[in-house]
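> Please find the sequence and the predicted model below.
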Amino acid sequence: MKHAIFLFALIASVSLAACEAPVIEPELKIERLASVNLSDESARKYQEFREIATVYSAMYVTTDGIGGGRAWGYSSLEESKRLALGECRKFNSGRSCILYAVAVPTNE
């Protein structure tokens, strides 16, 4: 009898360990904030941004639409904006960067 109780407890604990609470991602809205003519490469990067953006993502582009920087997956929009701007400046020295798009929860 002891073996049967132990076996039942073991099976129950394994079954419960396999049950994980579902992760519910908030719905996103992606807002385009600037009107810049993007190069083909920048347009491709914007499309990628739209596909992989998570809550609090940001994308900067250079004012000529040739370069840019992106960041996603951070705990705040301000942090993503700061990091995306840093990436834009890092890879496009001497060119001005402007905020092109952000991804935020639909309830903000």
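Structure's in. What do you need?

> Dead centre of this structure: give me the residue that sits there.
Closest residue to the average C-alpha location of the chain: residue 54 at 2.8 Å, with Cα atoms, centre = their mean.

> so that residue makes contact with residue 73?
Yes - between residue 54 and residue 73 a contact is recorded at 5.0 Å, counting by Cβ atoms under 8 Å. No exception for glycine: its C-beta is placed from N, CA and C like everyone else's.

> Low-confidence stretches in this structure?
1-26, 108 (pLDDT under 70).

> show me where it has strands.
All strands of the chain, identified by DSSP state E, fall at 28-32, 57-62, 68-71, 97-105.

> Point out the most buried one among these.
Burial of those is given as mean neighbour count (mean count of other Cβ atoms under 10 Å); strand 57-62 ranks first at a mean of 27.

> in its sheet, what does that strand sit against?
If you go by DSSP bridges, strand 57-62 pairs up with strand 68-71 (antiparallel), strand 97-105 (antiparallel).

> For residue 31, find the nearest of those.
strand 97-105 (5.5 Å; Cβ to Cβ).
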